[in-house]
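**Student:** Based on what follows, work out the 3D shape:
(chains A and B)
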Amino acid sequence: MVASLTRRFGDLDIAEEAAAEAFAAAVERWPADGVPPNPGAWLTTTANHKAIDRIRRENKRGDKQQEAQMLHDDDPPEPLGAVDDERLRLIFTCCHPALAMETRVALTLRMVGGLTVPEIARAFLVQETAMGQRITRAKAKIKAARIPYRVPSAEDLPARISGVLAVLFLVFNEGYLATGPDTDPVRHDLTAEAIRLTRLIRALMPDDGEVAGLLALMLLIEARRTARVSPSGELVTLGEQDRGTWDASLIAEGHRLVRERLAARVAPGRYQILAAINAVHTSARDVRDTDWSQVVALYDQLVHLDPSPIIALNRAIAVAELDGPEVALAAVDRLEDRLAGYHAYHATRADLLRRLGRSQQSRAAYDKAIELAGNTAETAALTRRRDQLG
Amino acid sequence: MQYMVSVITGTADLATPDEMAAIDVFNDRLIAEGYWVFAGGLSDPSSATVIDNRGEEALVTDGPFLESKEYLIGFWIIEAADLDVALKLATEGSKACNRKVEVRPFL
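**Tutor:** Residues are numbered from 1 along each chain as shown, chains lettered A, B, ... in the order given. The predicted structure follows:
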């Protein structure tokens, strides 16, 4: 709804506030008047009216000539699929190169993903007020500098795509490990939205290896979604998941994409390598059956492209399976400077220390991980593991 | 929508004949394609004078209002439909004058 309002009114603030006002009106009126026959259409119409009201109010205050012009919506009625087009346009606006990378991610999560400012702040490990200001400033710049609301031309598309992919992956991750204390641990709405948007991008650029790689990666992770949270609401690690519940058709599609990229014989980017790692996991019957040397080799390739400490942490987890927890722990400990504020660093240490029989240190690491973890199912799993320590 | 494309330099060197020729070609294109509003080059900041007449008496100071290593040495004002168009033109402008440029929208 925000995407279509933005298209009509050319202003993210107005679109967002009109949508919020429409929902507020629904909450107020539906219990008394009954739910209208077509709730979606009611919300859209109400939001349009709210937006027009708001622009009229602002017009009285000043020179909002441009916004007044946008009231005259001369576009012909939009064909089916127009919603997809509008989402794409909104993505490319939010991911514009004139905005700082972290701003693009935050803005897309807010405007396209519909996350709240606190959720985005948590995902970035920054203060809520700072995140709120960043988003407000970005919206002001889009308006003042007139960052266009459209899909770039074919010649500009390749240069614009990597920023979009980074953003979509972050939206997916937020869905796969949601951070809010009151949200579901796995937010299927966000993972599904990220996959849907990545499919749109793939339709736009079918030959781009990283687009295919990101789609494959998301599908291979999404395939394991239902196995990921236990009936009692705990996060289940890859090794303990019931692989029979994995979604075979998503895995088949993911594997097909990975094979397509291997056949292309072009040096893979990070999403293609991550997809290949997940293809190894989803090809194995269980943890022992997993080709860990292949996983570590792929991580080695990835470290060359992306020297981030989080990649190094994930590599260490694979090393634990290949060379044992002691070697892995040494590698993890080297990341302390950069990852001390990241829950997964402490959770990984806790697990490795537990496997080495160092219960006391393991307990301290679990405490730290629980303190930092934002995902309810993960907190539950960490707490049980800590309490099971001898 | 109008944008100011400020040319930023870190040296007092004037444009070379090659740079001047490239700037002329770029200016002709801006005019021919309807983007041109105005453009100009400035002498270096040591020639600046600052006036502050907010108080009772006008205060005249020799030199720029801000001493900095990099400073404004020229500008284009262009008419462009949106920031994508402006950034594309500014990218060519930067190449033509062989300097860094900053793009800012007018209010």
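**Student:** Phi first, then psi, for A:P152.
**Tutor:** When read as degrees, to the nearest 10, the backbone of A:P152 gives phi -60, psi 160.
**Student:** Residue numbers of chain A in contact with chain B?
**Tutor:** Contact residues, chain A versus chain B (CB under 8 Å from any CB of the partner chain): A:H96, A:A98, A:A144, A:A145, A:R146, A:I147, A:P148, A:P152, A:D156. Where you see a C-beta, it was placed from the backbone N, CA and C, and this is true even at glycine.
**Student:** mind giving me the domain split of chain A?
**Tutor:** A:209-226+A:244-283, A:301-390 (automatic domain parsing).
**Student:** Which stretch among those domains is buried most, on average?
**Tutor:** Each of the domains of chain A was scored by mean neighbour count; the highest is domain A:209-226+A:244-283, a mean of 20, by mean count of other CB atoms under 10 Å in any protein chain shown.
**Student:** Just the endpoints, please. Distance across that domain?
**Tutor:** Taking CA to CA, to the nearest Å, domain A:209-226+A:244-283 runs 21 Å from one end to the other.
**Student:** so what's the nearest residue to A:G390 once chain neighbours are set aside up against?
**Tutor:** For A:G390, ignoring the flanking residues on the chain, the nearest one in space by CB to CB, 6 or more residues apart in numbering or on different chains is A:S359 at 5.5 Å. Shown in contact with A:S359 (CB atoms under 8 Å, 6 or more residues apart in numbering or on different chains): A:L353, A:L389, A:G390.
**Student:** Identify the residue with the minimum pLDDT among those residues.
**Tutor:** Minimum pLDDT across these is recorded for A:G390, with 71.
**Student:** My reading is that that residue lies in a strand. Confirm?
**Tutor:** No - read with DSSP: H, G, I helix; E, B strand; the rest coil, A:G390 is coil and lies in no strand.
**Student:** Filter the residues of chain A next to chain B down to just the buried residues.
**Tutor:** A:H96, A:A98, A:A145, A:R146, A:I147, A:P148, A:P152 (16 or more other CB atoms under 10 Å in any protein chain shown).
**Student:** what's the farthest-apart pair in those residues?
**Tutor:** A:A145 and A:P152 (16.1 Å; CB to CB).
**Student:** which bits of chain B sit near chain A?
**Tutor:** B:M1, B:Y3, B:A81, B:D82, B:L83, B:D84, B:L87, B:V103, B:R104, B:P105, B:L107.
**Student:** Narrow those to those in strands?
**Tutor:** Among the residues of chain B next to chain A, the residues falling in strands (DSSP state E) are B:Y3, B:V103, B:R104, B:P105.
**Student:** Could you grab the helix/strand/coil label for the residue most central in space within chain B?
**Tutor:** By CA atoms, centre = their mean, chain B has its centre lying nearest to B:F75, at 1.9 Å. Following three-state DSSP, B:F75 is assigned to strand.
**Student:** Can you lay out the residues of chain B next to chain A as JSON lines showing neighbour count and pLDDT?
**Tutor:** Converted to JSON lines, the residues of chain B next to chain A look like this (neighbours: other CB atoms under 10 Å in any protein chain shown; pLDDT from 0 to 100):
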{"residue": "B:M1", "neighbour count": "16", "pLDDT": "94"}
{"residue": "B:Y3", "neighbour count": "25", "pLDDT": "98"}
{"residue": "B:A81", "neighbour count": "11", "pLDDT": "95"}
{"residue": "B:D82", "neighbour count": "16", "pLDDT": "95"}
{"residue": "B:L83", "neighbour count": "23", "pLDDT": "96"}
{"residue": "B:D84", "neighbour count": "21", "pLDDT": "93"}
{"residue": "B:L87", "neighbour count": "20", "pLDDT": "96"}
{"residue": "B:V103", "neighbour count": "21", "pLDDT": "98"}
{"residue": "B:R104", "neighbour count": "13", "pLDDT": "97"}
{"residue": "B:P105", "neighbour count": "18", "pLDDT": "97"}
{"residue": "B:L107", "neighbour count": "6", "pLDDT": "93"}
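**Student:** between those residues, which is closest to B:V50?
**Tutor:** Closest to B:V50, out of all of the residues of chain B next to chain A and judged by CB to CB, is B:R104, at 21.4 Å.
**Student:** Verify the stated contact: B:A90 with B:S6.
**Tutor:** No - contact between B:A90 and B:S6 fails when scored by CB atoms under 8 Å: they sit 9.5 Å apart.
**Student:** what touches both of the two?
**Tutor:** In contact with both B:A90 and B:S6: B:V101, B:V103, using CB under 8 Å, 6+ apart.
**Student:** neighbour-wise, which of the two wins?
**Tutor:** Neighbour totals were compared for B:A90 and B:S6, and B:A90 leads with 22 against 18 (other CB atoms under 10 Å in any protein chain shown).
**Student:** wait, what's in contact with that one?
**Tutor:** B:A90 makes contacts with B:Y3, B:V5, B:V101, B:V103, as judged by CB under 8 Å, 6+ apart.
**Student:** what sits against the closest residue to chain A within chain B?
**Tutor:** The nearest approach of chain B to chain A comes at B:D82, 4.0 Å away (CB to the nearest CB). B:D82 sits next to A:R146, A:I147, A:P148, B:M1 when contact means CB under 8 Å, 6+ apart.
**Student:** Keep only those of the residues you listed that are in strands.
**Tutor:** Residues of these located in strands (DSSP E): none.
**Student:** With distance to A:T108 as extra columns, can I get the residues you listed in TSV?
**Tutor:** Formatted as TSV, those follow (distance: CB to CB, whole Å):
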residue	distance to A:T108
A:R146	19
A:I147	13
A:P148	16
B:M1	24
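**Student:** For A:L302, see how far away the residue of the stretch 51-200 of chain A at minimum distance from chain B is.
**Tutor:** Going by CB to the nearest CB, chain B is nearest to A:P148 of the stretch 51-200 of chain A, at 4.0 Å. Going from A:P148 to A:L302 by CB to CB, to the nearest Å gives 35 Å.
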